[in-house]
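Enquirer: Task: produce atomic coordinates for the following.
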Amino acid sequence: MNFLQQGVAWIEPAIGAYGVWALLVVLYFESFGVPLPGESALIAASLLAARGDLEIEHVFLAAWLGAVLGDSTGYLIGRFGGRLVLSRFGPWLKLTPERLSRIESLAKTKGFFMVLTARFIVVLRQLNGIVAGSAGMPWHRFVIANALGAMLWAGLWSFGPYLFTDAFKRLI
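Expert: Numbering: from 1, shown residues only. Reported below is the predicted structural model:
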């Protein structure tokens, strides 16, 4: 069983029982640091949509909403105690005090771009909101960058597998 098949095997029962709400919950928690297979679940849900089990628009909306709300929760965690959380648990993720200082400096100078693109990088996707909040990034800039980044990420991993699968079927 390959990686994507494992993802479908894991998400299919949850989606069967709860629909795209299961995807939204997984992506919500993954977006503020809980180690869950969010990207794999999104790809699996996209493949289920290609099979006709889900509406791709609902998959995209659940992915976007889960990502935005999860990162926003991470931002609030970061804003009200993030430095303490990152200092305490960061070493588990090889986030040394020096690296944390560099990331926070980057968040202060290039925060908008960092938040916009971090969703595409494993680990940064999970710490994105917490770091932005602990660095004191203004809320309105965070929300705009977060919503745009989540839209790009959710669009790529929702519609990409969905359209690729459909195009592949036409070739066969």
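
Enquirer: Where in the protein is the helix or strand with the lowest mean pLDDT?
Expert: Lowest by mean pLDDT, DSSP states H and E among the helices and strands of the chain is helix 3-18, with a mean of 66.

Enquirer: neighbours around Ala67, how many?
Expert: Using other Cβ atoms under 10 Å, Ala67 is surrounded by 28 other residues. In this view, the C-beta of every residue, glycine as well, is placed from N, C-alpha and C.

Enquirer: looking at it, Leu42 is touching Trp157, isn't it?
Expert: Yes. At 4.6 Å, Leu42 and Trp157 qualify as touching, with contact defined as Cβ atoms under 8 Å.

Enquirer: Which stretches in this protein count as helices?
Expert: Assigned by DSSP state H, the helices in the chain fall at 3-18, 20-30, 38-51, 56-79, 82-89, 97-118, 124-134, 139-171.

Enquirer: Would you mind finding the most buried of those?
Expert: Of all the helices of the chain, helix 124-134 has the most neighbours on average by mean count of other Cβ atoms under 10 Å, namely a mean of 26.

Enquirer: That one - contacts with which helices or strands?
Expert: Judged by 3 or more Cβ pairs under 8 Å, 6 or more residues apart in numbering; DSSP states H and E, helix 124-134 is in contact with helix 56-79, helix 82-89, helix 97-118, helix 139-171.

Enquirer: Can you redo those helices as a markdown table, where the extra columns are mean pLDDT and distance to Ala50?
Expert: Formatted as a markdown table, the helices and strands packed on helix 124-134 follow (pLDDT from 0 to 100; distance: least, Cβ to Cβ, whole Å):
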| stretch | mean pLDDT | distance to Ala50 |
| --- | --- | --- |
| helix 56-79 | 96 | 8 |
| helix 82-89 | 74 | 38 |
| helix 97-118 | 84 | 27 |
| helix 139-171 | 90 | 4 |
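
Enquirer: Nice, that's everything, thank you.
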